[in-house]
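Student: need the 3D shape of this:
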Amino acid sequence: MDRSQLWDHIHAERAALASTLAGLDPADWAHDTLCPGWTVHDVAAHVISTPQIGWRQMPGMLARNAGRGYNTMIFREVKRLGARETRESILADFERHATSRHHVPTTTSVEPLIDALLHHQDILRPLGLRHPMAPAAAALAAERVRRLAPLMGTGRLVRSIRLVATDVDWARGSGPAVRGPVQELLMLASGRAPDPELVEGDGLALVPPRPRG
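Tutor: Numbering: from 1, shown residues only. This next block holds a predicted model:
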């Protein structure tokens, strides 16, 4: 996938997420997501904050979280953003920044795709809503997530199983297999529970049980 196609997928998923958010009742914005401790409001603020974070913002983020691990820093920054932004300001930011090609310093241009794809599902699934990922985009995101697995706490898991997509030509890893749509493999590799009706294989026995939505 070339760079232009990558950003097309990012922008399309951000637009789909913005549409989801605009259609939610205000009470839904306080609903829990698949991210422990994060509400819909928090996740929405986080997704659209990433096009706005440049080198100028990095020293403050690091100073506020000195001595804390990566995941703790992300959690604290998300909660800080959620407290600062309103529903209206978040929706306005989606209008203003949804087609940005900026990504956070020290990350690649695939990370905004991962954010948009996964966090859209984090919001939708606990609300009983569905929106399919574009398989090609999900496969690219899954490739990157496998490399980021140690940061996501799934390093041991992705080293122990073979992920085999049933909707695109994508298979990675070794060991007992988990088969299913690539979007569900992306969910699994990132530490989220895949839809049990869509995945199968002996590798599922190695997946730690996780609460669903």
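Student: so P208 sits against L157, correct?
Tutor: Yes. P208 is within contact range of L157, at 7.4 Å (criterion: C-beta atoms under 8 Å). The way it works is simple: take the backbone N, C-alpha and C, and place the C-beta from them, glycine included.
Student: ok, those two, which is more surrounded?
Tutor: L157 (21 against 10; other C-beta atoms under 10 Å).
Student: element containing that one?
Tutor: Taking DSSP states H and E as the definition, L157 sits inside helix 155-160.
Student: and that helix, which residues are buried?
Tutor: L157, V158 (16 or more other C-beta atoms under 10 Å).
Student: after the helix or strand of the chain with the lowest mean pLDDT comes which helix or strand?
Tutor: Of the helices and strands making up the chain, the lowest-confidence element is helix 70-84, at a mean of 60, by mean pLDDT, DSSP states H and E. Next helix or strand after helix 70-84 toward the C-terminus (DSSP H and E): helix 87-97.
Student: could you list the domains of this protein?
Tutor: 3-127, 135-206 (automatic domain parsing).
Student: and the end-to-end length of the last one?
Tutor: Using C-alpha to C-alpha, to the nearest Å, the gap from the first to the last residue of domain 135-206 comes to 25 Å.
Student: equivalent analysis for the first one, please.
Tutor: End-to-end distance for domain 3-127: 33 Å, by C-alpha to C-alpha.
Student: and for stretch 100-108?
Tutor: Per C-alpha to C-alpha, stretch 100-108 runs 14 Å from first to last residue.
Student: which stretch of helix or strand covers the residue sitting nearest the centre point of the chain?
Tutor: Taking C-alpha atoms, centre = their mean as the criterion, L118 is the residue nearest the geometric centre of the chain, at 2.8 Å. Assigned by DSSP H and E, L118 falls within helix 111-124.
Student: I'd guessed G191 sits against M152; true?
Tutor: Yes. Taking contacts as C-beta under 8 Å, G191 lies within contact range of M152: 5.2 Å.
Student: could you pull out the strands for the protein?
Tutor: 162-165, 171-173, 177-180 (DSSP state E).
Student: low-confidence ranges in this protein?
Tutor: 53-84, 210-213 (pLDDT under 70).
Student: for L148, give its distance to G201.
Tutor: 23 Å (C-beta to C-beta, to the nearest Å).
Student: ugh, typo on my part, it should be T50
Tutor: T50 is 33 Å from G201, by C-beta to C-beta.
Student: same question for V158.
Tutor: Taken as C-beta to C-beta, the span from V158 to G201 is 14 Å.
Student: and what of L127?
Tutor: Taking C-beta to C-beta, one finds L127 at 28 Å from G201.
Student: same question for M133.
Tutor: Counting by C-beta to C-beta - M133 and G201 are separated by 20 Å.
Student: burial count for S100?
Tutor: 16.
Student: and the one 5 residues further on, by the same measure?
Tutor: Neighbour count for P105, taken as other C-beta under 10 Å: 11.
Student: what does it show for phi and psi?
Tutor: phi -50, psi 150 (degrees, to the nearest 10).
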